[in-house]
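Asker: Coordinates only, no sequence provided:
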């Protein structure tokens, strides 16, 4: 067998072997980086709080009586934040209303109807997403 024929066969085998190697590595990288369908659902606030207490015990060394007092502090902070949220709700609603009316003022009658319809569709979609999360 001539030398050129042997070297051509070796090069051909080398090309195929490198193609197989690149394909295997690429497949492995693809499989590692794709998202898994077995994702965990989002945690509830009670689960976050329980994890917080567990870490307070483990990392800080908080006792059960301290955890009980911390629980009261967290409840009070949540109540105050809820009050603040409720207090600012009318201002946020006014700003949203002004924004919507400002946009509507720029549009002609036909565009306003399309904008209102689009806003209704978005509101329904938001409600659907919120219901799916619960």
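Answerer: Arrived safely. Computed from a prediction, not measured in an experiment: that's the story for all the values here. Numbering: from 1, shown residues only.

Asker: out of everything not next to it in sequence, what's closest to the residue nearest to the spatial centre of the chain?
Answerer: Compute the mean C-alpha point of the chain, and by C-alpha atoms, centre = their mean the closest residue is residue 42, 9.5 Å away. Leaving out its chain neighbours, the residue that sits closest to residue 42 by C-beta to C-beta, 6 or more residues apart in numbering is residue 133, at 7.4 Å. C-beta here means a position set from N, CA and C on the backbone, and glycine is covered the same way.

Asker: repeat for residue 107
Answerer: Leaving aside its sequence neighbours, residue 107 sits nearest to residue 115 (C-beta to C-beta, 6+ apart; 5.8 Å).

Asker: Return the distance of the residue nearest to the centre of the chain relative to residue 120.
Answerer: As defined by C-beta to C-beta, to the nearest Å, residue 42 lies at a distance of 28 Å from residue 120.

Asker: got it, and residue 129?
Answerer: Counting by C-beta to C-beta, the gap from residue 129 to residue 120 is 15 Å.

Asker: Tell me how many other residues surround residue 43.
Answerer: 11 (other C-beta atoms under 10 Å).

Asker: how about it, what does it touch?
Answerer: By C-beta atoms under 8 Å, 6 or more residues apart in numbering, the contact set of residue 43 is residue 51.

Asker: Helix, strand, or coil at it?
Answerer: Of the three states, residue 43 takes coil under DSSP: H, G, I helix; E, B strand; the rest coil.

Asker: where does the residue nearest to the centre of the chain fall, phi/psi-wise?
Answerer: According to degrees, to the nearest 10, the main-chain angles of residue 42 amount to phi -60, psi 150.

Asker: my read: it touches residue 132, true?
Answerer: No: using C-beta atoms under 8 Å, residue 42 makes no contact with residue 132, being 11.6 Å away.

Asker: Fine, thanks again, bye for now.
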